[in-house]
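In: What shape does this take:
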Amino acid sequence: MEPSRTSPGGPGTGRPWASPGEATARSGSGSVDHAEIAKFEAMADAWWDPTGKFKPLHRLNPVRVRFIRDRLAARLGRNPEEPEPLRGLSILDIGCGGGLLAEPLARLGAEVTGIDAAERNITIARRHAETVGVHVTYLPCSAEDLAAQVGSSGGAQFDAVLAMEIVEHVADLDAFFKAASGMLKPSGMMVVATLNRTVKSFAFAIVGAEYVLRWLPRGTHDWRRFMRPSELARRLRGHGLDMKELAGVSYDPIGDSFSISRDCGVNYMAVARHAGHR
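Out: Below is the predicted model:
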C-alpha cells in the first residue's frame, strides 16, 4: 500500500486543508482539555508497544475494528470478509492517538484521516504508518479546528466519523459533538466508544485497570467524566443524530480478550446517524 500521507487534503475533495502547522497554531478549541492532552503526550512513545501502557487498547482493537467494519459493510451491502470491504469510504478518526485504529481501517480500503490535538501522537502515528507502508492522512488538530477547515473549503464530509475512547477526555462535549456531527455526510455513520459511569466501571476501569492490574498509569481516567448511554444519546440528539445501536464490550480475564456483549456496565460502543436516516 502507499505510505502515510503527510500533506493534508480532504478525502476525494481535491481541496487542500490548512497545513499541519497552521492547524496546530489554531488549537485551543473549546473541546480540548490540555491536561488530558499532556497525559497522553507523556505516553506517546508507548503507543505501539502491545505490552506497554496501551496494552488494553491493543487487546480491544480487534473488537473495535470488526465492529466498525461490519456495520459499514452492512450499510453498503458488502461482504465484510472481503480483502478491502471499506474501499472508497472516507473515515475520520478523532483522537487517533498513535494510529492503532486508523491503520487497520486503511488496510481495509478506507481513506482514513486521523486527527489528534497532541502533536507528539501525530508524529508517532506518521512515523509508524510510513514504516509499515500504510496510507493515512494525519493532522495535529482538534475536531473544531478541522471542522472550520472543512467548512471553509466547501464542506467536505466523511462517510464515518469515529470518536473512540475520547469523549471521556473532552472539555466541552457540545463543542465536540457539534464539530463531529457537522463533518458527517447526511447518510454517514458515527461510532462512539466510551465508558459507562457505573459502580462496576469504577471497580473495573479505575481500581482494577489502574491500581490492581496497572494496565494504565494512575489518573488516566476520571470516573466522573464517564458517560451513561442515556447521556450520550441526549448529547447526540442535541446535534441532529439518533443512536441506532448500542453494544457492550466485556473483558474475559481468562482469555485476556474483549468481545461484544449485552453488558454495557463498563465499556460500550454506539452507532449514530443523522435524524431521519436509517
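In: Which of the helices and strands in this protein ranks last by mean pLDDT?
Out: helix 20-26 (a mean of 36; mean pLDDT, DSSP states H and E).
In: And stretch 231-242, end to end?
Out: Criterion Cα to Cα, to the nearest Å; first-to-last residue distance in stretch 231-242 is 12 Å.
In: Likewise for stretch 80-93?
Out: 20 Å.
In: Next, the buried residues of it.
Out: 85-86, 89-93 (16 or more other Cβ atoms under 10 Å). Bear in mind the C-beta positions are built from the backbone N, C-alpha and C, glycine included.
In: now swap in stretch 53-73 and tell me
Out: So for stretch 53-73, counting by 16+ other Cβ under 10 Å, buried means 53-57, 59-61, 63-65, 67-69, 71-73.
In: repeat for stretch 241-256
Out: For stretch 241-256, by 16+ other Cβ under 10 Å, it's 241, 243, 246-251.
In: now that stretch, how far from the centre of its chain.
Out: From the chain centre to the centre of stretch 241-256 is a distance of 15 Å (Cα atoms, centre = their mean, to the nearest Å).
In: So for that stretch, mean pLDDT?
Out: Taken as a whole, stretch 241-256 has an average pLDDT of 90.
In: which residues sit against that stretch?
Out: The set of residues external to stretch 241-256 that reach it, using Cβ atoms under 8 Å, 6 or more residues apart in numbering, is 59-60, 63, 67, 71, 177, 181, 184, 190, 193, 204, 229, 232-233, 236, 257-275, 278.
In: what's the neighbour count on R107?
Out: 18 (other Cβ atoms under 10 Å).
In: From the buried residues of stretch 53-73, which land in helices?
Out: 55-57, 59-61, 63-65, 67-69, 71-73 (DSSP state H).
In: Could you report the pLDDT at the closest residue to L57 other than its chain neighbours?
Out: Among residues not flanking L57 along the chain, L100 sits closest, at 5.7 Å (Cβ to Cβ, 6 or more residues apart in numbering). On pLDDT, L100 comes in at 96.
In: So which of the buried residues of stretch 80-93 belong to strands?
Out: 90-93 (DSSP state E).
In: Residue most distant from the centroid, the protein?
Out: Distance to the chain centre peaks in the chain at I254, reaching 27.4 Å (criterion: Cα atoms, centre = their mean).
In: now the stretch 1-150 of the chain, which segments are flagged as low pLDDT?
Out: Across the stretch 1-150 of the chain, residues meeting the criterion (pLDDT under 70) sit at 1-29, 33, 35-37, 39-43.
In: so where do the helices sit in it?
Out: 20-26, 34-42, 55-76, 102-107, 119-132, 143-152 (DSSP state H, counting those that start in this stretch).
In: other SSEs contacting the shortest one?
Out: Packing partners of helix 102-107 (3 or more Cβ pairs under 8 Å, 6 or more residues apart in numbering; DSSP states H and E): helix 55-76, strand 90-94, strand 111-115, helix 119-132.
In: Helix or strand: which one has F176?
Out: helix 173-182 (DSSP states H and E).
In: Output that helix in PDB with nothing but the alpha carbons.
Out: Extracted C-alpha coordinates of helix 173-182, given in PDB (Å, rounded to 0.1, in the frame of the first residue of the first chain):
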ATOM      1  CA  LEU A 173     -18.800  17.900  24.900                       C
ATOM      2  CA  ASP A 174     -21.300  20.100  23.000                       C
ATOM      3  CA  ALA A 175     -18.500  21.800  21.000                       C
ATOM      4  CA  PHE A 176     -17.000  18.400  20.300                       C
ATOM      5  CA  PHE A 177     -20.300  16.800  19.000                       C
ATOM      6  CA  LYS A 178     -21.200  19.900  17.100                       C
ATOM      7  CA  ALA A 179     -17.900  19.700  15.200                       C
ATOM      8  CA  ALA A 180     -18.000  16.000  14.700                       C
ATOM      9  CA  SER A 181     -21.600  15.800  13.500                       C
ATOM     10  CA  GLY A 182     -21.000  18.700  11.100                       C
END
